[in-house]
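Visitor: Predicted structure and sequence below. I'll ask about it afterward.
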Amino acid sequence: MSPLSLDLSPDLFPALTEAQADPDGPGAHRPALRFGDRSLTYGELAATASPLAARVAEAGRIAVWATPTLETAVAVVAALLAGVPAVPLNPKSGESELGHIVSDSAPTLVLAAPGTQLPPALAALERLDIDTSAPTTSLPSPGAPDPESPALIVYTSGTTGPPKGAVIPRRAIATTLDALADAWQWTGDDVLVHGLPLFHVHGLILGILGPLRRGGSVRHLGRFETAGVARELSEGATMLFGVPTMYHRIAETLPDDPALAKALARARLLVSGSAALPVHDHERIAQATGRRVIERYGMTETLMNTSVRADGEPRAGTVGVPLPGVELRLTEEDGTTAVEAYDGETVGEIQVRGPNLFTEYLNRPEATAAAFTEDGWFRTGDMAVRDPDGYVRIVGRKATDLIKSGGYKIGAGEIENALLEHPGVREAAVTGEPDADLGERIVAWIVPADPQSPPTVDELADHVARRLAPHKRPRVVHHLDALPRNDMGKIMKRALTHD
Ligand code: MCA
Ligand code: AMP
């Protein structure tokens, strides 16, 4: 592993600073962001984001209506320039999820693209339109913020209750992106393509802030489509980021799409993350393109922990080795005794320590304390083994009540609570079951209030989508007379199998 000097510099985007200082220099004319037919060079980004930064500088915290658009990228860059924490909001969030996030994070402003209609849950907030059309002269950025100060608050689901806001400091963003640059030989010459949502770590921090920190560029597809991937990779893009569902759809398309195979074969790096990419999809892509997808492993709370390195062996089914600066250990059931074995067999919980970690869950000191051991290791809840050469293989997770669907982490508890608010539901339990496309799909087991007219799958899906978010909706619903419970009255989810 090559040594890495951890740059804790508060200047997250040196290329932007340079373009700001020398608006006529060559750096200012380099492409930074492209969304469809709209794009900004570094000079234009500096000129667009810096006046916005000046306008939000006094805000305590801002919310960003994080549509997959140029406006979201500009708003987040502006917040970072101003040193004001930003809360990216999923524009498909339902009323109760949005209400929770807004009351928990208490932003003073919401930034949105002009013309976007915002839902009633945001009505009380002052709105600021993000104007990307009229770059003016770049203003100097306010003083350099403390590296420990919060940069982003990203909401992430737990097993029970509503999502928690992970407070991510500037230091974690800088160090994780620099560690990935080392692992992936990622430079300012790289052009990234992806179609990930911009309200999570993967799409926003890795997919937008990553290229900007390197002085390179990103082309966002607006929404993921294999045709867009093929087009961009054959027109100069060098890297692709995606969740396993996206690579699965690529693997499905490849046999009938030689242009896609040719485009993928030209890429410098194909990276998958957010959930495990099945070996079958790895192999299908390798066979059709001659290229291997590499996996990296991260979490909202920890940003990136491990990766297969660009100069390492791309082994399917593993997430590679710890990134520079990240300490990783496996622990036994007690959560504190370290597993010493590197035998590819002994399973332990992954715990991590390092400058890539979040600071806390917003307003949740007890949850924050519970997430760490006494000596400062973060408990990921992911179970893994280590190969003799240090490659980590994730084999499962501790909590059965966490579901990963399409790369989104979803808590069974929050869906159960939403289902119980439906008048047609008396009891509810939620599980995940294997799904070739989504990894796991959400299954609802309900006891209907009226067995003669139980609510339909569409009715319950709409109900959950409206309250929480469409990706949290059940895809399958089973009706039962009663939920299986143990003597203590606890639902026995393992007994939930359909005939
Ligand atoms: C469907 N839709 C509905 C309903 N049903 N809307 C309202 N009510 C309903 N009942 C809409 C959806 O909103 C969507 O709209 C469309 O129908 C299709 O929905 P769906 O089938 O769920 O989506 P999909 O096309 O299958 O999405 C697959 C996907 C997506 C594109 C792979 O799951 C995705 O973007 N995943 C990325 C997750 C991610 O970024 N995770 C990172 C977190 P429309 O057509 O308008 O979209 S993990 C992380 O950050 C850590 C650090 C890490 O390691 O990376
Ligand atoms: P999130 O909380 O949405 O940030 O999701 C983090 C979780 O995604 C981790 O705890 C892992 O369970 C899972 N994850 C991320 N990357 C990978 C990967 N490459 N392979 C397997 N699981 C992954």
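Guide: Now that the structure is in, tell me what you want to look at. Ligands and ions are numbered 1, 2, ... in the order given.
Visitor: Kindly report the residues of the stretch 251-400 of the chain close to ligand 2.
Guide: With C-beta under 6 Å from any ligand atom as the criterion, the stretch 251-400 of the chain meets ligand 2 at residues 273-276, 295, 297-300, 319, 380, 382, 394, 397. For glycine as for every other residue, the C-beta is placed from the backbone atoms N, C-alpha and C.
Visitor: if you set the cut-off to 8 Å instead, what comes out?
Guide: 272-277, 295-301, 319, 380-382, 394, 397 (C-beta under 8 Å from any ligand atom).
Visitor: Buried members of those residues into PyMOL, please.
Guide: Only the buried entries of these go into this PyMOL selection, using 16 or more other C-beta atoms under 10 Å:
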select buried, resi 272+273+274+275+276+277+295+296+297+298+299+300+301+319+380+381+382+394+397
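Visitor: Mind checking which of the residues of the stretch 251-400 of the chain next to ligand 2 are in strands?
Guide: Under the assignment DSSP state E, these contribute 272, 295, 296, 297, 298, 299, 380, 381, 382, 394, 397 to strands.
Visitor: So what sits opposite the last one in the bridge?
Guide: Residue 397 has these beta-bridge partners by DSSP bridges: residue 382.
Visitor: got it, and the first one?
Guide: Under DSSP bridges, the beta-bridge partners of residue 272 are residue 242, residue 295.
Visitor: Which residues are in contact with it?
Guide: 242, 243, 244, 246, 247, 293, 294, 295, 296 (C-beta atoms under 8 Å, 6 or more residues apart in numbering).
Visitor: now the residues you listed as JSON lines including pLDDT?
Guide: Output for those, formatted as JSON lines (pLDDT from 0 to 100):
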{"residue": "242", "pLDDT": "98"}
{"residue": "243", "pLDDT": "98"}
{"residue": "244", "pLDDT": "98"}
{"residue": "246", "pLDDT": "98"}
{"residue": "247", "pLDDT": "98"}
{"residue": "293", "pLDDT": "98"}
{"residue": "294", "pLDDT": "98"}
{"residue": "295", "pLDDT": "98"}
{"residue": "296", "pLDDT": "98"}
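Visitor: which of those residues are close to ligand 1?
Guide: Restricting the contacts of residue 272 to those touching ligand 1 (C-beta under 8 Å from any ligand atom) yields 242, 243, 246, 296.
Visitor: how about those residues, which pair is most distant?
Guide: Farthest pair in those (C-beta to C-beta) is 246 and 296. Separation: 14.6 Å.
Visitor: what are the ranges of the strands in the stretch 101-250 of the chain?
Guide: All strands of the stretch 101-250 of the chain, identified by DSSP state E, counting those that start in this stretch, fall at 109-112, 126-129, 150-156, 164-169, 191-194, 217-220, 239-242.
Visitor: could you redo these as a markdown table and give each row distance to residue 428 and mean neighbour count?
Guide: Compiled in a markdown table, the strands of the stretch 101-250 of the chain are given as follows (distance: least, C-beta to C-beta, whole Å; neighbours: other C-beta atoms under 10 Å):
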| stretch | distance to residue 428 | mean neighbour count |
| --- | --- | --- |
| strand 109-112 | 33 | 24 |
| strand 126-129 | 36 | 14 |
| strand 150-156 | 22 | 23 |
| strand 164-169 | 22 | 24 |
| strand 191-194 | 35 | 25 |
| strand 217-220 | 37 | 25 |
| strand 239-242 | 32 | 24 |
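Visitor: As CSV, these with distance to residue 206 would be great.
Guide: Listed next are these as CSV, based on distance: least, C-beta to C-beta, whole Å:
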stretch, distance to residue 206
strand 109-112, 21
strand 126-129, 26
strand 150-156, 12
strand 164-169, 12
strand 191-194, 9
strand 217-220, 10
strand 239-242, 6
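Visitor: Relative to residue 418, which of those is closest?
Guide: Distance to residue 418, taken as C-beta to C-beta, is lowest for strand 150-156 among these, at 15.7 Å.
Visitor: burial of the one residue in the chain that gets nearest to ligand 1, as a residue count?
Guide: Going by C-beta to the nearest ligand atom, ligand 1 is nearest to residue 406 of the chain, at 2.5 Å. As a burial measure, residue 406 scores 20 neighbours (other C-beta atoms under 10 Å).
Visitor: With the one 5 residues further on instead?
Guide: Burial measure for residue 411: 24 neighbouring residues, criterion other C-beta under 10 Å.
Visitor: wait, what's in contact with residue 208?
Guide: Each residue near residue 208 by C-beta under 8 Å, 6+ apart is listed here: 33, 72, 73, 76, 198, 218, 220.
Visitor: Quick check: the last one touching residue 195?
Guide: Yes. Judged on C-beta atoms under 8 Å, residue 220 makes contact with residue 195 at a distance of 6.8 Å.
Visitor: anything in contact with each of those two?
Guide: residue 68.
Visitor: Turn the strands of the stretch 101-250 of the chain into a markdown table, columns for distance to ligand 2.
Guide: Below are these laid out as a markdown table (distance: least, C-beta to the nearest ligand atom, whole Å):
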| stretch | distance to ligand 2 |
| --- | --- |
| strand 109-112 | 23 |
| strand 126-129 | 28 |
| strand 150-156 | 5 |
| strand 164-169 | 8 |
| strand 191-194 | 15 |
| strand 217-220 | 20 |
| strand 239-242 | 11 |
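Visitor: and residue 348, what are its bridge partners?
Guide: residue 384.
Visitor: so it touches residue 382, yeah?
Guide: No. Residue 348 lies out of contact with residue 382 (C-beta under 8 Å); the separation is 10.0 Å.
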